[in-house]
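Enquirer: After the sequence you'll find the predicted model.
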Amino acid sequence: MKLFTRKKSKDTDSVQSSTGASATAGPGAQSVSGGSTVFRVTVPENVSPGEEFQVYAGTRIVRVKCPADSRPGQSLQITVPADPNGSSGPAPPRQPNLPPDSPNVRRITDPNNRGNHAAYMVTIPEGVRGNQQFPVTIQGQQLMVTCPQNARPGMSVRIVPPPPPQGTDINRGPEGPMGVGPGPDRPPKDDKTQLFEVAVPPGVQPGQPFALLAGGVRVLVTCPANASAGQRIRFKLPLAITQKPKVTNEAAQIKLSYDKDGWQRTIRVSDMKFQWVRVDDKGDIDLNKRFDVEKSAYVRKLEFRPGDDPRIRTGILSLVPATDAVVDSKIKSADNRDLVTYSDIASAQVKAFEEKAQWFQDTCAQLCVEWNEGHMRMNVRRQFLLGDSVDAVMSLSRKDLRKLWRFEFIGEMGIDAGGLAREWFQLVTEEIFDPDMGLWQSSAANQMCMEINPASEFCCEDHLVYYRFLGRVMGKALFDRQLVAGHMVQHLYKHILGWPVTFSDLEMVDEEYYNNLKQLETMAKDGDDISMLCLDFTTTQEVIGTKEEIELVKDGANIEVTNENFPEYLEACLKYRMLDRVKPQLNELLLGFFDVIPEPLLTIFDFQELELLMCGLPEIDMDDWKEHTEYSGEYDETGGDHQACEWFWEVVTDFDQEMKARLLQFVTGTSGVPSRGFGVLQGNDGNIRKFTIHGVALGVCLYPRAHTCFNRIDLPMYDNKDELSEKLKLAVTMVATGFDIE
């Protein structure tokens, strides 16, 4: 697929600018590199934000405008283009990549200097009087020299500059959300291993995998071809794997304490890759291959392929059994070092959400292209924002996507110190998620969540280009700690993470369709003859008012649904609704996303955390939440005055911001709060459906249950606050683990 043939109107045609063009050039992405040098300077005394001051940059004097958030004494980093006239005379020898010393600086040999630091004679510039400061550059450092009281311009003073501060890298871009400096060097990876010896469990055949606990960590071992059940085999594991990280996250503690039968991501001993397995209460792997409504799960698999254009990869997307999906547990740096290993990921997985996010950003900072290798200038016109942005972003290579981006709205004054970038991400994602664009539509099950429009090709020309563009923007937003303006349906976050999707996920997509399939399942269990319904392996999809028959499997129109093949029918329905009907669009979205973010980095998050990371933690007004909550069931008469309801709000009020957001995700399906508050919370039918606490007896259910279509939580009438708190935290947390609560 060629992605650079997006048609433009005459109004949006842009002139491609050459590298190094001025900021007033036409729209597009421009690489700024090669001839620039980075300097670190200090804001002089008595300089206020917005005022300019003069500094030496190598052999030249430049003027610097003090940023609005800076103050005297603070260090700044500036990039100065190469002198087009060159420099006269031979350049003095200096350290590689360091800017030259100022022309009024001369190194001297001082016999009285007993230390190891060099001494310099500095000529006082014109216009400088006694006790005033002036800047000089020595060995890459920007220093402020105070003119002695009895000195005058043209005289020389002797100075001994301090050694360069440890860890300073003047070739990096400015620190902050848009250009995080390189993180501290990671210690060398510990290659020590530990030897384990185990007996092959009964019933395990050669080549068949089995799970076991090694040093307290569940791993997946494949039985050797020359081994059999009962025979003892040996294998090695890196010592870092068996050293359990300290759990600092309350949610992680709950998961570790209440692990039930279900899907788990484990490490495969043969190649140290992550793989999903389902284990029973005995710890044995469930090897059942046939579809089971309660147990089966599927994971998207994305196989990368080189594209016709070297900047754009292609890929093959499919939905495979969860056990067939694997992902690397390490990340290589640009120089082929192990930047992240399994032990790093394992340690991060049990951190609190904020600590996870910080670890993620620190790692992204190490993947960021060095400042001296260039950065990107993104020039866009506000009136043609989306078109210009698509052209700019889609012209970039994967390396360019990890460079620092600087934005300019053509024709507007302003320097991008982070604010323009935030505005760009907000405006672009708002426009592309707008249902009027035709790429996305509100979910039938949750009006606040967006889902891919299966008919996007009829609504938007070159629609796949926009999905690849959005994937890149979403990935870059995560990379640069920016936010996107759209909340997606839950299973799309699972697809990004490579998490299992199950039959129950269908309820979040289309409740009516899910209930119809459940009724068919009940009939089959009761022994009714399904073939009497005259069903085949097809489904109907309506596109712009026209109904179209879709075959769920090859030649599905000629395959009758019977009791014997009913599991395969349910499997085909699940695959179609969860992936196949939007496969081309989702394929491009994921390809764009992984152009920026390495997939192993995402393994520390669950799908709830990914939504919070991409959209931000919501600002929740507890008074507004309580005021617009309705009560039903056992709480219908007493309302919020019932003791269990009072305990509920006390517990929720004590939740931190993350747990409150998770509760919202549990009950409503998203962490998003309507801009006008909880009073306008909508249900799956588009009507106002306020947050509802429905009272049920303890005999009905032991744990709180959620009905996201109605924004309702079933809250049992617990006997004490501690029990309510424990069960609520468990229910809210376990929804993102893949485990069942019994």
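Expert: Arrived safely, thanks for sending.
Enquirer: switch to C-alpha atoms for all contacts and neighbour counts from now on
Expert: Will do.
Enquirer: Find the residue at the geometric middle of this structure.
Expert: By Cα atoms, centre = their mean, the chain has its centre lying nearest to Leu478, at 4.4 Å.
Enquirer: Quick check: phi and psi at that residue.
Expert: For Leu478, the backbone dihedrals (degrees, to the nearest 10) come out as phi -60, psi -40.
Enquirer: Go ahead and confirm it touches Leu613.
Expert: Yes - taking Cα atoms under 8 Å as the definition, Leu478 is a contact partner of Leu613 at 7.5 Å.
Enquirer: Tell me the helix or strand right after the worst-scoring helix or strand of the chain on mean pLDDT.
Expert: One helix or strand of the chain scores below all others by mean pLDDT, DSSP states H and E: helix 250-257, with a mean of 52. Reading on from helix 250-257 to the C-terminus, the next helix or strand found by DSSP states H and E is strand 262-268.
Enquirer: pLDDT of that following strand, averaged?
Expert: Mean per-residue pLDDT for strand 262-268: 82.
Enquirer: And it, what does it pack against?
Expert: Packed against strand 262-268 by the contact rule (3 or more Cα pairs under 8 Å, 6 or more residues apart in numbering; DSSP states H and E) you find strand 217-222, strand 273-279.
Enquirer: Burial-wise, tell me which of the ones you listed comes out on top.
Expert: Stretch with highest mean neighbour count among the helices and strands packed on strand 262-268: strand 273-279 (a mean of 22; mean count of other Cα atoms under 10 Å).
Enquirer: Could you give the secondary structure assignment for the residue of the chain positioned farthest from its centre?
Expert: Largest separation from the mean C-alpha position in the chain: Asn150, at 59.5 Å (Cα atoms, centre = their mean). Taken by DSSP: H, G, I helix; E, B strand; the rest coil, the conformation at Asn150 corresponds to coil.
Enquirer: what secondary structure does the closest residue to it other than its chain neighbours sit in?
Expert: Computed as Cα to Cα, 6 or more residues apart in numbering, the closest residue to Asn150 that is not its neighbour in sequence is Gly130, at 6.4 Å. Under three-state DSSP, Gly130 falls in the coil class.
Enquirer: Next up, the contacts around Ile544.
Expert: Applying Cα atoms under 8 Å, 6 or more residues apart in numbering to Ile544 gives the contacts Ala455.
Enquirer: Would you mind measuring from it to Gly438?
Expert: Counting by Cα to Cα, to the nearest Å, the gap from Ile544 to Gly438 is 11 Å.
Enquirer: re the thing from before, now do the residue nearest to Asn150 against Met508, distance only.
Expert: Distance of Gly130 to Met508, computed by Cα to Cα: 74 Å.
Enquirer: Which one of the two is surrounded by more residues?
Expert: Set side by side, Gly130 and Met508 show more neighbours around Met508, with 20 against 13, by other Cα atoms under 10 Å.
Enquirer: which residues does that one contact?
Expert: Contact analysis of Met508 by Cα under 8 Å, 6+ apart lists Ala445, Asn446, Val489, Gln490, Gly669, Thr708, Cys709.
Enquirer: my read is it is in a helix, agree?
Expert: Yes - membership of Met508 in a helix is supported by three-state DSSP.
Enquirer: in the stretch 551-700 of the chain, what spans have low per-residue confidence?
Expert: Within the stretch 551-700 of the chain, the segments meeting pLDDT under 70 span 675, 683-686.
Enquirer: go with 90
Expert: For the stretch 551-700 of the chain, the stretches with pLDDT under 90 are 606, 608, 612, 615-621, 624, 628, 636-640, 656-662, 664-690, 698-700.
Enquirer: ranges for the strands of it?
Expert: 629-633, 691-696 (DSSP state E, counting those that start in this stretch).
Enquirer: Leu367: which of those strands is closest?
Expert: Nearest to Leu367 among the strands of the stretch 551-700 of the chain is strand 691-696; the distance by Cα to Cα comes to 42.3 Å.
Enquirer: So what are the sheet partners of that closest one and their directions?
Expert: According to DSSP bridges, strand 691-696 forms sheet pairs with strand 629-633 (parallel), strand 712-716 (parallel).
Enquirer: Flag every buried residue along the first one.
Expert: When burial is assessed from 16 or more other Cα atoms under 10 Å, strand 629-633 yields the following buried residues: Thr629, Glu630, Tyr631, Ser632.
Enquirer: Can you name the residues that contact the nearest residue to Asp595 once chain neighbours are set aside?
Expert: Ranked by Cα to Cα, 6+ apart and with sequence neighbours excluded, the top spatial neighbour of Asp595 is Arg398, at 5.6 Å. Going by Cα under 8 Å, 6+ apart, Arg398 touches Arg311, Asp595, Val596.
Enquirer: Count the neighbours of the closest residue to the first one other than its chain neighbours for me.
Expert: This points to Arg311. Counting by Cα to Cα, 6+ apart, Arg311 lies nearest to Ser397, which is 4.5 Å off, once chain neighbours are set aside. Per other Cα under 10 Å, the neighbour tally for Ser397 reads 16.
Enquirer: Then the one 5 residues further on?
Expert: Using other Cα under 10 Å, Arg402 is surrounded by 24 other residues.
Enquirer: Hmm, it is touching Glu370, no?
Expert: No - counting by Cα under 8 Å, Arg402 stays clear of Glu370, with 9.3 Å between them.
Enquirer: so Ile138 bridges to which residues?
Expert: Applying DSSP bridges, one finds that Ile138 bridges with Gln141.
Enquirer: pLDDT at it, what is it?
Expert: Note on Ile138: pLDDT of 79.
Enquirer: Hmm, it is touching Pro103, no?
Expert: No - between Ile138 and Pro103 there is no contact under Cα under 8 Å: 10.0 Å.
Enquirer: Please say which of these two ends up with more neighbours.
Expert: Neighbour count, other Cα under 10 Å: between Ile138 and Pro103, Ile138 has more, with 21 against 14.
Enquirer: For the more buried one, give its distance to Gln383.
Expert: Distance of Ile138 to Gln383, given as Cα to Cα: 46 Å.
Enquirer: Lys626 too?
Expert: Noted for Lys626: a distance of 42 Å to Gln383, by Cα to Cα.
Enquirer: what do you get for Glu599?
Expert: Using Cα to Cα, we find Glu599 at a distance of 35 Å from Gln383.
Enquirer: The two - which one has more neighbours?
Expert: For Glu599 and Gln383, the more surrounded residue by other Cα under 10 Å is Glu599, and the numbers stand at 18 against 12.
Enquirer: quick revisit: between the strands paired with strand 691-696, which gets nearest to Asp280?
Expert: Minimum separation from Asp280 across these (Cα to Cα) falls at strand 712-716, 28.2 Å.
Enquirer: Now the element after the closest one, going C-ward?
Expert: Per DSSP H and E, the helix or strand that comes after strand 712-716 is helix 721-734.
Enquirer: Export only the CA atoms of that next one, formatted as CSV.
Expert: Presented in CSV, the C-alpha positions along helix 721-734 are these (Å, rounded to 0.1, in the frame of the first residue of the first chain):
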residue,chain,number,x,y,z
LYS,A,721,-17.0,-1.7,55.9
ASP,A,722,-13.8,-3.7,55.8
GLU,A,723,-15.4,-6.5,53.9
LEU,A,724,-17.0,-4.1,51.4
SER,A,725,-13.6,-2.4,50.9
GLU,A,726,-11.8,-5.6,50.3
LYS,A,727,-14.4,-7.0,47.9
LEU,A,728,-14.8,-3.7,46.0
LYS,A,729,-11.0,-3.3,45.5
LEU,A,730,-10.8,-6.9,44.4
ALA,A,731,-13.6,-6.6,41.8
VAL,A,732,-12.3,-3.3,40.4
THR,A,733,-8.8,-4.6,40.1
MET,A,734,-9.4,-8.1,38.9
